[in-house]
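Asker: Generate a structure from the sequence data that follows.
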Amino acid sequence: MSLTQRQKNRLIYSGLMLLCLVGFWWFENFYTEDPYPSPPGSATAPAFREAWLPSGANGERIRHDHYLLEYAESYEQAAWVAYVLDPSHLTDDDRDRPYFVEDPEVSTHSADWRNYRGSGYDRGHLCPAGDRRYSLAAYNQTFYTSNISPQNREFNAGTWNELEMQVRRWCRRYGRLYVLTAGVLEPGLDRIGEEGVAVPRSFYKIVAREGSDGPVVVAFLMPNQPLEGPLQKFTVPVDRIEAITGLDFFQGLPPELQESLESRMGAKDWEFR
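Answerer: I've put the predicted structure just below:
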């Protein structure tokens, strides 16, 4: 039985309506516009050494123009963030703080900043905005919510901030640095917001530079609470951070070098302040 023109029109309209609904659903669930794109042809940060990156997070690796990370969806934050800090990056240029926004590259959407509202925790940067003042795009891209984690306010403004400033001093003294950092993600963490953003009990930061016999490394592990004492108090072997995170740092190095590097305390190789 052939269809009348009216029936054909109904089928066409129904099909178009279905396509519109599917398109709207896809837009709402999978498309995130990037409000902080890098201008075409603009410079990007030097690439992080692949052999020094960690393995074991089993998340989605995201490469931005000025840092990279691995997003742990079940914790709604990064398992690690890695970036290169070069002396040419260090500037006192003033930048207006932009809005925090979802990371447009995270396929599952990074957590909305509103999860932090009223929680009592700061939206703590992992790659610091202060290390990315050298361009507007670099600075703004540190405000993707994949680059933040819930931090105790006194910790964020206190010892953690002092460590970030120390890293900048080291960059001026030693030259190019490679930084790996995040909260320690483990079962049983408290959660905040509708999306259940995990609140790390502690944060780590690993700083490396080139040496004549391989990387020169110092690592820190800090409780997410108000702290007192010198930064040296919180230095640990990289092995300690690997044990509690399940990550394997410097996994591309020869096994003997990796074992020697990660088992030792590295503070004596770095001048503090």
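
Asker: How much space separates the closest residue to Ser38 other than its chain neighbours from Asp269?
Answerer: Spatial nearest neighbour of Ser38, chain neighbours left out: Ala137 (4.3 Å); criterion: C-beta to C-beta, 6 or more residues apart in numbering. For the C-beta atoms, the positions are set from N, CA and C on the backbone; glycine is no exception. Ala137 sits 34 Å away from Asp269, taking C-beta to C-beta, to the nearest Å as the criterion.

Asker: got the contact list for the closest residue to Gly183 other than its chain neighbours?
Answerer: Among residues not flanking Gly183 along the chain, Pro200 sits closest, at 2.8 Å (C-beta to C-beta, 6+ apart). The contact partners of Pro200, taken as C-beta atoms under 8 Å, 6 or more residues apart in numbering, are 149-150, 182-185, 189, 224.

Asker: Drop everything from the residues you listed that is not in strands and list the rest.
Answerer: Residues of the contacts of Pro200 located in strands (DSSP state E): 149-150, 182-183.

Asker: How far does stretch 116-127 stretch from one end to the other?
Answerer: 18 Å (C-alpha to C-alpha, to the nearest Å).

Asker: for it, the distance to its chain's centre please.
Answerer: Counting by C-alpha atoms, centre = their mean, to the nearest Å, stretch 116-127 is centred 13 Å from the centre of its parent chain.

Asker: The helix or strand hosting Arg61: what's the following helix or strand?
Answerer: Using DSSP states H and E, Arg61 sits in strand 60-63. Moving toward the C-terminus from strand 60-63, the next helix or strand (DSSP H and E) is strand 68-72.

Asker: CA atoms of that next one as PDB?
Answerer: Extracted as PDB, the C-alpha positions of strand 68-72 are listed here (Å, rounded to 0.1, in the frame of the first residue of the first chain):
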ATOM      1  CA  LEU A  68      49.100  17.500  30.500                       C
ATOM      2  CA  LEU A  69      47.200  15.300  32.900                       C
ATOM      3  CA  GLU A  70      45.400  12.000  33.400                       C
ATOM      4  CA  TYR A  71      41.800  12.300  34.500                       C
ATOM      5  CA  ALA A  72      40.400   9.900  37.100                       C
END
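
Asker: Give me the pLDDT value at the residue nearest to Gly183.
Answerer: Pro200 is assigned a pLDDT of 98 by the prediction.

Asker: could you check the distance from it over to Pro150?
Answerer: Distance from Pro200 to Pro150, counting by C-beta to C-beta: 7 Å.

Asker: show me what contacts the residue nearest to Glu105 when sequence neighbours are not counted?
Answerer: Spatial nearest neighbour of Glu105, chain neighbours left out: Ile62 (4.7 Å); criterion: C-beta to C-beta, 6+ apart. If you count contacts by C-beta under 8 Å, 6+ apart, Ile62 has them with 68-71, 103, 105-106, 146.

Asker: now do 7 Å
Answerer: Listed by C-beta atoms under 7 Å, 6 or more residues apart in numbering, the contact partners of Ile62 are 68-69, 71, 103, 105-106, 146.

Asker: Just put those in JSON lines and tack on distance to Leu53.
Answerer: Shown next, in JSON lines, are those (distance: C-beta to C-beta, whole Å):
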{"residue": "Leu68", "distance to Leu53": "8"}
{"residue": "Leu69", "distance to Leu53": "10"}
{"residue": "Tyr71", "distance to Leu53": "14"}
{"residue": "Asp103", "distance to Leu53": "19"}
{"residue": "Glu105", "distance to Leu53": "17"}
{"residue": "Val106", "distance to Leu53": "18"}
{"residue": "Ser146", "distance to Leu53": "16"}
